[in-house]
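Peer 1: can't give you the sequence, but here's the structure:
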């Protein structure tokens, strides 16, 4: 008798589980949205959870697989997620209906540094964006160019030393030294001497930011099944304490002095003296307290985005120049002409006279999209224009930037490195929101122009002095590390560098 009761109980549990799964995973089918078949409990992200591929690469594969579909349905655990493929609908999400898709919906950890410009939501984001925008005006960037030039000079001396002594050097770590030096100088007024100190505390911290611990990765994976669960767990405070200490030291050193550098920290100190940051809206005035933690949170984002992403882009660019000497020669000739015209110095205005360098940089960002997924969350029930698909408030939205960039519908022969994709006549043919290395709309990357300027100055100076060629360790195809936050190649990026 007991056996039959147990068997019946097991059957009931199994059937209940089956129908629960069937109901949960029929969500997109019932809405007429196609998508890959989910697995029980984990949904569509098993390979990401097992760290066999990154979320960026997985969503890219989904984008490319469902050709002709405007929308694709996925499940993150039990949570329905929609991937928007069509540039016109992407434009609706990122620009026209931005007020509905203002927030990223990033599930933050319990760290007090989570209140940063990248992850902030609602009025907090609006206030931070409004107050931080002055850091990246043309006038500010123009003032930063001499600081960048000093960093370039140190970088060139270091590379010259490597070449003179036949020291092999992986190009990603090499470009990281340059961008780290620039961020230290332009954001915090610090001389990091990154080229001399192999284990600078800033470079050590960068590795910790972009190489999450096993515990941190576990929390991210758990959060994929149970959204929001990360907030219930404490995380390491090492990164938080580092940036909090950095901010407090800089504030203490500059307190009571005139704002000479006019850099990121000068602006933060100026805003801090106001006590609270405010913004007038339809409901009155919104305010946030600008304490040391909020400043440290912005410093973390500025440091992370400005250092790692630009270093990655420059390293991929140098890799392609080693494989394409004709492109390198054309860039070199253009750079030499501008240097000659401006008496051996690059200025902010002279960068406008390097159109081919800009084309190569844009093509690098297309082929190697460092930040490959754009995330949004709907703040109300929304029907995508021209479709019958309606999603409820709180639905996560994903847009695969690197999927769009690898889509032959917008970029013929996308696996080929072809700067002509961004010639003036071809650039006009690219649909809006089909090319978005820095995002699009009001929530695009605030440091976009800073990234372009520091990369252009560093690349031009490097090409003026050095030639890049293949080495025996140069790979033509990359395998990417699925455990890393940004696009990182396994085995590094190796080229041969020689003097001009």
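Peer 2: Received, thanks. Just so we're clear, the structure is a prediction, and the values are computed from it rather than from any experiment. Numbering: from 1, shown residues only.
Peer 1: contacting residues for the most centrally placed residue in the chain?
Peer 2: Centroid check for the chain by C-alpha atoms, centre = their mean gives residue 371 as the closest residue, at 3.5 Å. Residues near residue 371 by C-beta atoms under 8 Å, 6 or more residues apart in numbering: 309, 401, 437, 439, 445, 486. For the C-beta atoms, the positions are set from N, CA and C on the backbone; glycine is no exception.
Peer 1: name the residues linked to the third one by a beta bridge.
Peer 2: Residue 437 has the following beta-bridge partners by DSSP bridges: residue 439.
Peer 1: can you tell me the SS state at the residue nearest to the centre of the chain?
Peer 2: Here residue 371 is recorded as coil under DSSP: H, G, I helix; E, B strand; the rest coil.
Peer 1: now it. Its backbone dihedrals?
Peer 2: Torsion angles at residue 371 (phi, psi; degrees, to the nearest 10) stand at phi -110, psi 100.
Peer 1: residue 302 is in contact with residue 447, isn't it?
Peer 2: Yes. Judged on C-beta atoms under 8 Å, residue 302 makes contact with residue 447 at a distance of 7.1 Å.
Peer 1: of those two, who's got more company?
Peer 2: Between residue 302 and residue 447, counted using other C-beta atoms under 10 Å, residue 302 has the larger neighbour count: 25 against 22.
Peer 1: check contacts around that one.
Peer 2: Counted by C-beta under 8 Å, 6+ apart, residue 302 has contacts 183, 187, 264, 447.
Peer 1: got a list of what the last one touches?
Peer 2: The neighbourhood of residue 447, defined by C-beta under 8 Å, 6+ apart, consists of 136, 302, 305-306.
Peer 1: any idea which of the residues you listed has the most stuff around it?
Peer 2: The most crowded member of those, judged by other C-beta under 10 Å, is residue 302 (25 neighbours).
Peer 1: that one and residue 489, how far apart?
Peer 2: Relative to residue 489, residue 302 is positioned 25 Å away (C-beta to C-beta, to the nearest Å).
Peer 1: now swap in residue 62 and tell me
Peer 2: Distance of residue 62 to residue 489, computed by C-beta to C-beta: 22 Å.
Peer 1: again, but for residue 43
Peer 2: 28 Å.
Peer 1: before we move on, what about residue 353?
Peer 2: 32 Å.
Peer 1: what do you get for residue 461?
Peer 2: For residue 461, the distance to residue 489 (C-beta to C-beta) stands at 24 Å.
Peer 1: and what of residue 67?
Peer 2: As judged by C-beta to C-beta, residue 67 and residue 489 stand 27 Å apart.
Peer 1: can you pick out the residue with more neighbours from those two?
Peer 2: A side-by-side neighbour count of residue 67 and residue 489, using other C-beta under 10 Å, places residue 489 first with 21 against 10.
Peer 1: where's the dip in pLDDT among the contacts of residue 302?
Peer 2: Within these, pLDDT reaches its minimum at residue 264, with 82.
Peer 1: show me the contacts for the nearest residue to that one once chain neighbours are set aside.
Peer 2: Nearest residue to residue 264, sequence neighbours excluded (C-beta to C-beta, 6 or more residues apart in numbering): residue 187, at 4.2 Å. Neighbouring residues of residue 187 by C-beta under 8 Å, 6+ apart: 263-265, 299, 302-303, 306.
Peer 1: next: residue 391.
Peer 2: Contact analysis of residue 391 by C-beta under 8 Å, 6+ apart lists 80, 82, 378, 381-382, 384.
Peer 1: give me the phi and psi for it.
Peer 2: Per-residue torsions, residue 391: phi -120, psi 140 (degrees, to the nearest 10).
Peer 1: what's the separation between it and residue 80?
Peer 2: According to C-beta to C-beta, residue 391 and residue 80 sit 8 Å apart.
Peer 1: if I look at the residue lying closest to residue 325 once chain neighbours are set aside, how far off is residue 158?
Peer 2: Counting by C-beta to C-beta, 6+ apart, residue 469 is the residue found nearest to residue 325 once chain neighbours are left out, at 7.4 Å. For residue 469, the distance to residue 158 (C-beta to C-beta) stands at 19 Å.
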